[in-house]
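Trainee: fold the following, please.
(chains A and B)
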Amino acid sequence: MSLLEIRNLHLTIHGTPVLSGIDLDIAPGEILAVTGESGSGKSMTAFSVMQLLPQGARASGAIRLDGQDLLSLSETQLCDLRGRAMGMVFQEPMTALNPVQSIGQQVMETIRIHDRSADAQAARARAHDVLTRVGLPPERFPLGRYPHELSGGQRQRVVIAMAIALRPRLLIADEPTTALDVTTQAQILELLKRLVAEDGMALMMITHDLAVVADLADHIAVMRNGEVVETGPTRTVLRDQTHPYTRMLFAASRHAVDLPEAPPPVPLLKVTDLRRSYPGARPHPFAPRPRIEAVRGVSFALHRGERLGLVGESGCGKSTLTRAILGLDPVQGGSIHLNGDSITQHVPHALRRQIQVVFQDPFGSFNPRHRVDRLITEPFHLLDDPPKGAARRNAVADALDAVGLKPDDAMRYIHEFSGGQRQRIAIARALIIRPQLIVFDEAVSALDVSVRARILDLIADLCRAHGLTYLFISHDLSVVRSVTDRVLVMQAGQIVEDGATDHVFAAPRHPYTQTLIDAAPVLPDLPALRNETP
Amino acid sequence: MGTYLLRRVLSLVVSLALASVVIFAVVEIAPGDPARFMLGVNAQPDTVAALRAELGLDQGKVARYLAWVGGMLSGDFGTSYTYRTPVAQMVADRLQVSLPLAGYALVLSVLIALPAGIYAAARRGRPGDVAVMGATQLGIAIPNFWFAMMLVLIFAIRLRWFNAGGFAGWDAGLWAGLHALTLPAIALALPQAAILARVMRSALLDVLGEDFMRTARAKGLTRGQALRRHGLRNALIPVLTIIGLQFSFLLAGGIIIEQVFYLPGLGRLIFQAISARDLIVVESVVMLLVFAVIVVNFAVDLAYVAVDPRLRARS
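Mentor: Presented below is the predicted three-dimensional model:
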């Protein structure tokens, strides 16, 4: 007997079809993972169940919770169900909580709007219990704390506490761990699993991460373009992959690129005992500002033609280190040399052009008012004699061609391109003046798996064609494993492990590296699955 | 928190000190002799000399600055040259009108603007929103003296609910005073309310798009409950900023309205002092207004902290 039954659900937003003919079931105590790439409609399916759809949305079909059709209910009846019979956890824990209310107030609110008999005292006691259940015991995390006083993982626990405070029968989690570090992700997934087991509630888990799905879910539904293309028990779907799209998703997720051999080591970038600190808040008006040490004596070398990875959790100092190498921030100690020339304090143009960067956000890192032609020639101002006229056009065409775009694309604006194409343009911008070193700062983290696989292939192709040297910064261990020769593991401003990528992943020496690797969810081994007797 | 307060008070004192130097310097740097400027080109040399002595212009600049600041600190703002009365007394008389008028107008502005802005935001794109936005457009576009004259024509001359102008003082009682200030306060408040309503609406619309509003709805709050409990306080920061600016403006910016309603307010005092070239009055009143603006900003800063716990942490 299903707790949630979705039958032939169609959804349009301002007339545009978003979902067509969705059929899904979740039984009590079961975890259903809805997966697919961006735009597949998985989040809209979740919002359809909660009936929290954007303006202009029209749903038809049936969504039955315990036999009650949600589409036929009034707004008042839905308000009564939301938070009590069905709860929801969101992707962005940093913004999902009201910044001006304490966590206690926000958890108590769920309790008090549904149980009018609960006075403040009773609601407080129940909030106390719920927060303890999700791992935030009020002895250590008082109810009066505000969201900004908690980390991302702790905030996600508060959001979960709000969603499960009244023990709903259905919990919907929309990419609940996507914004979190791997170790925090593992803890949150563990917590969700435990709550499902304890309360016997049904969990609808929306995620793009197939490794998370394989680890957690009893059933999988794979979505594409607003349709469910394949659904079934997790092991069966993983083993059989009957739909070509499912096969493509899994192939892209475990995509390994074919990097050419690295040339013999010739030093290019040398970072020695680098220190970066910035001033913190004064304890009182006349006190000196304390220094917060973000990078604490980091040393490493990067050789010409080498592909170096940098991994670590948020706040470990990898972004600060990157900014220092790019010359964007002053350093307080140590030195950075490129080809033997110091770029520690001041970076002259002649050296500045030797390092280019590709950022994470394919949407925010371009000026929307400029054409591609102007965007990718931005680094030309670093040249003493930038190409003009036909030479410039040729340089633009070559750069676009190198990243798999057409020369005509030069005259288009950035909003005309998809996320993957934008990341190609960002790479073209970095390549156009033939730098000696490219920094990829979480450059594929915002992309769908299939797009990510193609961008990683592009990077490998460019390595073959141009002998790229790069520093690849990512929180995603599987990506770093596939596109780097050597990896640095950073923790609390220090590099705790440095070694050949294969060695580090196969036999980590530092306990922190071990923790990271253990926490990262992995796709199950396909041949092993197939050999299992069904 | 204590640290934050102390830092804000320090910055307030420094701002005031800097403002006093600037105001003093402007009068100093202005070409020509202040005494000759005040008396006009046809003044007799001995009259100018007498005024120079009275103004203390024969002393050094630093000594004069210190005497001026010291006087203000002890409540002595000097003596008006044209009226021959202490400036402090004149300002106090005018403040009895201007301060309540500004407060009255501000209260009206807030009472009109916040509900209108909230109403419009909650009905974004629907007829109610369009109507409110149209009304605020008019409120901003139409000059307030025209509003003032319309109010006089309708409520004073035709309906005879109010007097057309004048202010008998507070001796006649609180009600009589407020009654006399009502039309001017409405005239002052309407354009301010129009601006404030737009700020309230757009701030609230920004907040309505935030993730935590969706979280609130997922808990089971209705749209209205979510807006009241989670939206309003978050939308308040930009609104507080505008309220602070408006109060400073209302205190001295009501000169046209004071003129229309024959009110003896601060705006008219400055206007008269400038016309009469009474630099002593101008200098002191400007300093007082700067003081008011800085104190209001200080109060707004404190209000931010009360509204937003993140600022408490940062401070």
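
Trainee: how much space between the closest residue to chain B within chain A and B:Glu28?
Mentor: Per CB to the nearest CB, A:Gly83 is where chain A lies closest to chain B, at 3.4 Å. The C-beta positions use only the backbone N, C-alpha and C, and glycine is treated the same way. Going from A:Gly83 to B:Glu28 by CB to CB, to the nearest Å gives 67 Å.

Trainee: more crowded one of the two?
Mentor: For the pair A:Gly83 and B:Glu28, the greater number of neighbours falls to A:Gly83 (27 against 11), based on other CB atoms under 10 Å in any protein chain shown.

Trainee: the residue nearest to the more buried one when sequence neighbours are not counted: neighbouring residues, count only.
Mentor: For A:Gly83, ignoring the flanking residues on the chain, the nearest one in space by CB to CB, 6 or more residues apart in numbering or on different chains is B:Gly220 at 3.4 Å. By other CB under 10 Å, 23 other residues sit near B:Gly220.

Trainee: shouldn't B:Gly220 be in contact with A:Arg82?
Mentor: Yes: with contact defined as CB atoms under 8 Å, B:Gly220 reaches A:Arg82; the gap is 4.2 Å.

Trainee: shared neighbours, the two?
Mentor: Residues touching both B:Gly220 and A:Arg82 by CB atoms under 8 Å, 6 or more residues apart in numbering or on different chains: none at all.

Trainee: where in the stretch 151-300 of chain A is pLDDT low?
Mentor: For the stretch 151-300 of chain A, applying pLDDT under 70 flags the ranges A:283-285.

Trainee: all helices for it, in order.
Mentor: Listed in chain order, the helices of the stretch 151-300 of chain A (DSSP state H, counting those that start in this stretch) span A:152-164, A:182-199, A:210-216, A:234-240, A:244-253.

Trainee: can I get these in JSON lines including distance to A:Ile103 and mean neighbour count?
Mentor: Output for the helices of the stretch 151-300 of chain A, formatted as JSON lines (distance: least, CB to CB, whole Å; neighbours: other CB atoms under 10 Å in any protein chain shown):
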{"stretch": "helix A:152-164", "distance to A:Ile103": "5", "mean neighbour count": "24"}
{"stretch": "helix A:182-199", "distance to A:Ile103": "16", "mean neighbour count": "18"}
{"stretch": "helix A:210-216", "distance to A:Ile103": "26", "mean neighbour count": "21"}
{"stretch": "helix A:234-240", "distance to A:Ile103": "34", "mean neighbour count": "18"}
{"stretch": "helix A:244-253", "distance to A:Ile103": "35", "mean neighbour count": "18"}
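
Trainee: just to revisit the earlier point, show me the contacts for the residue of chain A closest to chain B.
Mentor: By CB under 8 Å, 6+ apart, the neighbours of A:Gly83 are A:Thr110, A:Ile113, A:His114, A:Met162, A:Ala163, A:Ala165, A:Leu166, A:Pro168, B:Ala218, B:Lys219, B:Gly220, B:Leu221.

Trainee: follow-up on the earlier one: any chance of the helices of the stretch 151-300 of chain A in CSV with distance to B:Trp161 as columns?
Mentor: As requested, the helices of the stretch 151-300 of chain A are exported to CSV (distance: least, CB to CB, whole Å):
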stretch, distance to B:Trp161
helix A:152-164, 53
helix A:182-199, 65
helix A:210-216, 71
helix A:234-240, 77
helix A:244-253, 74
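
Trainee: name the SS class of A:Val396, please.
Mentor: Secondary structure, DSSP: H, G, I helix; E, B strand; the rest coil: A:Val396 is helix.

Trainee: got a list of what the closest residue to chain A within the stretch 151-300 of chain B touches?
Mentor: Residue nearest to chain A within the stretch 151-300 of chain B (CB to the nearest CB): B:Gly220, separated by 3.4 Å. Residues counted as contacts of B:Gly220 (CB under 8 Å, 6+ apart) are A:Cys79, A:Asp80, A:Leu81, A:Arg82, A:Gly83, A:Arg84, A:Thr110, A:Ile113, A:His114.

Trainee: part of a helix, is it?
Mentor: No: per three-state DSSP, B:Gly220 lies outside any helix segment and is coil.

Trainee: now do residue 60: how many residues are near it, please.
Mentor: In the absence of a named chain, this looks at chain A. A:Ser60 has 11 nearby residues by other CB under 10 Å.

Trainee: wait, I meant chain B there
Mentor: 9.

Trainee: okay, it: pLDDT?
Mentor: Here the pLDDT value assigned to B:Gly60 is 78.

Trainee: sorry, back to before: and which of the contacts of A:Gly83 is nearest to A:Glu92?
Mentor: Using CB to CB, B:Ala218 comes nearest to A:Glu92 of the contacts of A:Gly83, at 13.4 Å.

Trainee: mind listing what the closest residue in space to A:Leu170 that isn't next to it in sequence touches?
Mentor: Computed as CB to CB, 6+ apart, the closest residue to A:Leu170 that is not its neighbour in sequence is A:Met86, at 4.2 Å. The contact partners of A:Met86, by CB under 8 Å, 6+ apart, come to A:Val49, A:Met50, A:Leu65, A:Pro168, A:Arg169, A:Leu170, A:Leu171, A:Ile172.

Trainee: now intersect those with the strands, please.
Mentor: Using DSSP state E, the members of those that fall within strands are A:Leu65, A:Leu170, A:Leu171, A:Ile172.

Trainee: low-confidence ranges in chain B?
Mentor: Checking chain B against pLDDT under 70 turns up B:1-2, B:30-32, B:313-315.

Trainee: near chain A, which residues of it show up?
Mentor: Applying CB under 8 Å from any CB of the partner chain, we find that chain B lies next to chain A at B:2-3, B:6-7, B:10, B:210-212, B:214-222, B:225, B:229-230, B:233-234, B:307-310, B:313-314.

Trainee: quick one, which of those are buried?
Mentor: B:210-212, B:214-222, B:225, B:229-230, B:233-234, B:307-310 (16 or more other CB atoms under 10 Å in any protein chain shown).

Trainee: list the buried residues in whichever strand or helix holds B:Phe147.
Mentor: Assigned by DSSP states H and E, B:Phe147 belongs to helix B:144-151. Neighbour-count burial for helix B:144-151 flags B:Asn144, B:Phe147, B:Ala148, B:Leu151 (criterion: 16+ other CB under 10 Å).

Trainee: so which elements touch that helix?
Mentor: helix B:174-208, helix B:255-260 (3 or more CB pairs under 8 Å, 6 or more residues apart in numbering or on different chains; DSSP states H and E).

Trainee: possible to save the ones you listed as TSV with mean neighbour count?
Mentor: Below are those laid out as TSV (neighbours: other CB atoms under 10 Å in any protein chain shown):
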stretch	mean neighbour count
helix B:174-208	21
helix B:255-260	20
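
Trainee: what's the closest of the ones you listed to B:Leu240?
Mentor: helix B:174-208 (10.0 Å).

Trainee: A:Ile160 contacts A:Leu191, correct?
Mentor: Yes: counting by CB under 8 Å, A:Ile160 touches A:Leu191, with 6.7 Å between them.
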